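[1] The amino acid sequence is not available; the structure is as follows:
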């Protein structure tokens, strides 16, 4: 009889045991779940874990057989961390009356909250956003906004300011001169 390597990880509600049995045939695998015991057999390979640190619910436990390992999902009767799979810890369910699963108020509140519909929320935000005007955001409209900005300035200016603006526009030949920042040099890109 060969013994098998196994590992586990747990949450407050479940314990997952991985039994490393490469090439296990699902038709030959036999698993028995009992409240304080797990028995695994595949041909001559066996594994027995007893006594479990706490009680499990055999009816809600299940398993899957993979190429490399067999994974057992054990549902705990009482919530809490065990720390190890087996042990001689006293079973709280045998020493006192059975208590239903307890949840902290935070967990109960989290379960009670309805799920957010993110699609609806996104649609609502996008439809509620109005188009901003040039007065609210000067970057709206690109070149059209810049041209209308200069037209507004030109229209509100006195005659001397208008002549100065026209002279500047004619001398620049309607081009804006761009100078590189200090410490940089101008290069032409193809």
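    That came through fine. In this text the structure is predicted, and so the values were computed from the model without any measurement.
[2] what's the burial count for residue 78?
    17 (other C-beta atoms under 10 Å). For every residue, glycine as well, the C-beta is placed using N, CA and C.
[3] Run through the helices of the chain in chain order.
    For the chain, the helices defined by DSSP state H cover 92-95, 105-112, 118-128, 143-156, 159-171.
[4] The longest one packs against which elements?
    Same thing as helix 143-156. Applying 3 or more C-beta pairs under 8 Å, 6 or more residues apart in numbering; DSSP states H and E, one finds that helix 143-156 contacts helix 159-171.
[5] mean confidence for the helix it packs on?
    Mean pLDDT, helix 159-171: 83.
[6] and that helix, what does it pack onto?
    Going by 3+ C-beta pairs under 8 Å, 6+ apart, helix 159-171 lies up against helix 143-156.
[7] list the contacts for residue 183?
    Contacts for residue 183 (C-beta atoms under 8 Å, 6 or more residues apart in numbering) come out as none.
[8] what does residue 17 give?
    Residues near residue 17 by C-beta under 8 Å, 6+ apart: 6, 7, 8, 38, 49, 71, 72, 74, 85.
[9] Go through those and say which is closest to residue 166.
    residue 71 (81.9 Å; C-beta to C-beta).
[10] Specify the beta-bridge partners of the closest one.
    Beta-bridge pairing of residue 71 under DSSP bridges involves residue 18, residue 64.
[11] my guess is it contacts residue 63, does it?
    Yes - the criterion here is C-beta atoms under 8 Å, and residue 71 meets it with residue 63 at 6.3 Å.
[12] Residue 30: which of the helices of the chain is closest?
    Closest of these to residue 30 is helix 92-95, at 26.6 Å (criterion: C-beta to C-beta).
[13] quick one: contacts for the nearest residue to residue 7 once chain neighbours are set aside?
    Among residues not flanking residue 7 along the chain, residue 18 sits closest, at 4.9 Å (C-beta to C-beta, 6 or more residues apart in numbering). Under the criterion of C-beta under 8 Å, 6+ apart, the neighbours of residue 18 are 6, 7, 8, 69, 70, 71, 72.
[14] who's the first one bridged to?
    Taking DSSP bridges as the rule, residue 6 bridges to residue 19.
[15] Which pLDDT value does the model give it?
    For residue 6, the pLDDT comes out at 91.
[16] That one touches residue 48, doesn't it?
    No - using C-beta under 8 Å, residue 6 is not in contact with residue 48, being 10.9 Å away.
[17] Which one of the two is surrounded by more residues?
    Shown here are residue 6 and residue 48; by other C-beta under 10 Å, residue 6 has more neighbours (18 against 12).
[18] now that one: how far from residue 120?
    46 Å (C-beta to C-beta, to the nearest Å).
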